[in-house]
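Novice: sequence first, then the predicted structure:
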Amino acid sequence: MTTIREMIEANVLPPGSMLPPERDLATTLKVSLSTLQRTLQLLESDGTILRRGARTRLVAKPSGKDGDLLSGTVLVIAENSLPSNDPSVYGWSGYVAAGSLAEISQLRLHAVVLNPNDLDNDRLDRLLASGVSGLIIPELDRFEKLIPDWAKRAQEAKIPVVVFGDEEYLRTFDRVVPDHEVGTYELTKWLLSCGRKAPHMAALLESSLPAWMQARQRGYEKAMREAGLQPFPPLLCLEPSLPGVSKENLFQLKTQFLAGAILHPLHDGTPLDALLATTDGDIPAVASAVKLLGKKPNADIALVGYDDYWDQ
């Protein structure tokens with residue numbers, strides 16, 4: 001134990017670094033494997049060594065004055081830390097990160113923004129072992145499969161972590177969740193108050209109906225039934241995604257897919273006087289599809305979106 005502590009103090013094993021494999025370390029220290037394993041267990045119990053899985057350990061704290069170098073610092077993983085007028089920057093991720101940073105500043109804490117495009121596990125582990133006060137992970141569409149691993153690493157390092165999102169795989173973490181059911185309930189009530197009697201949900205999906213979309217459907221159905229109206233099943237179509245196809249052609253495909261979904265109830269004589277789009281960004285394609293079918297948007301068929309990037 002003394003030798004390992006000296007190696008840490010001498011920066012031979014710097015904060016956040018991984019320990020060599022047990023057999024290699026036992027050979028270096030000239031002790032038996034069982035002696036080394038008992039030693040590492042004691043170092044883990046006093047917080048000097050942090051376990052990462054069955055075979056990986058790293059130095060959790062330096063024993064010098066820099067052990068809490070990032071004390072009072074909150075890590076925020078975010079591609080966009082400030083709101084942007086760039087249409088490719090979705091409101092919920094940019095604004096959640098910006099709101100987090102504003103609150104951190106109000107609390108007189110420090111913040112470090114980590115770019116997920118250049119964030120490897122070793123770098124994150126080193127930061128988590130440097131005395132940070134917390135980790136915030138907004139919604140990151142392109143990195144959704146990595147979010148549970150990042151959050152778990154923080155938990156294992158005993159660092160408070162909060163994530164944004166309502167996906168099933170995030171339910172074991174502290175999280176902030178949009179209330180999609182209430183949101184769509186209010187939207188539907190507003191449409192009904194405007195005299196619309198046959199609103200439908202129009203959804204562009206990449207695959208199956210996600211949990212947040214099911215919650216929106218429940219809110220819609222609740223508002224319809226409270227008004228004494230029979231809710232309609234959602235109008236579903238796949239989101240076109242073809243590599244190498246221009247944005248203009250993808251927009252035309254999206255318009256045609258939506259027109260096909262909307263045409264079905266119109267052809268069958270089902271009343272339809274309003275459409276609730278999956279998100280604000282789909283409104284242009286929904287409007288184009290309505291026009292393609294000879295209807296006038298917001299006259300024959302009212303259109304509403306749902307998300308915080310309408311201005312974009």
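Specialist: Yes, it's here.

Novice: name the nearest residue to E44, ignoring sequence neighbours.
Specialist: Ranked by CB to CB, 6 or more residues apart in numbering and with sequence neighbours excluded, the top spatial neighbour of E44 is R51, at 5.8 Å. Placement of C-beta: from N, CA and C, glycine included.

Novice: which strand or helix spans that neighbour?
Specialist: strand 49-52 (DSSP states H and E).

Novice: do the same with H200
Specialist: strand 199-205.

Novice: now the helices for this protein?
Specialist: 2-9, 22-29, 33-45, 91-106, 121-128, 147-156, 180-193, 211-226, 247-267, 283-292 (DSSP state H).

Novice: isn't the residue nearest to E44 right next to Q41, touching?
Specialist: No: using CB atoms under 8 Å, R51 is not in contact with Q41, being 9.5 Å away.

Novice: so for the two, which sits in the more crowded spot?
Specialist: Between R51 and Q41, R51 has the larger neighbour count (other CB atoms under 10 Å), namely 15 against 11.

Novice: contact partners for the more buried one?
Specialist: Applying CB atoms under 8 Å, 6 or more residues apart in numbering to R51 gives the contacts 44, 57, 156.

Novice: can you pull out the low-pLDDT segments for the protein?
Specialist: 52-54, 61-68, 80-93, 207, 308-312 (pLDDT under 70).

Novice: center of it - which residue?
Specialist: E139 (2.3 Å; CA atoms, centre = their mean).

Novice: just checking, that one touches G94?
Specialist: No: taking contacts as CB under 8 Å, E139 lies outside contact range of G94: 10.1 Å.

Novice: ok, back up a step: pull out the buried residues from the contacts of R51.
Specialist: Buried members of the contacts of R51, scored by 16 or more other CB atoms under 10 Å, are R57.
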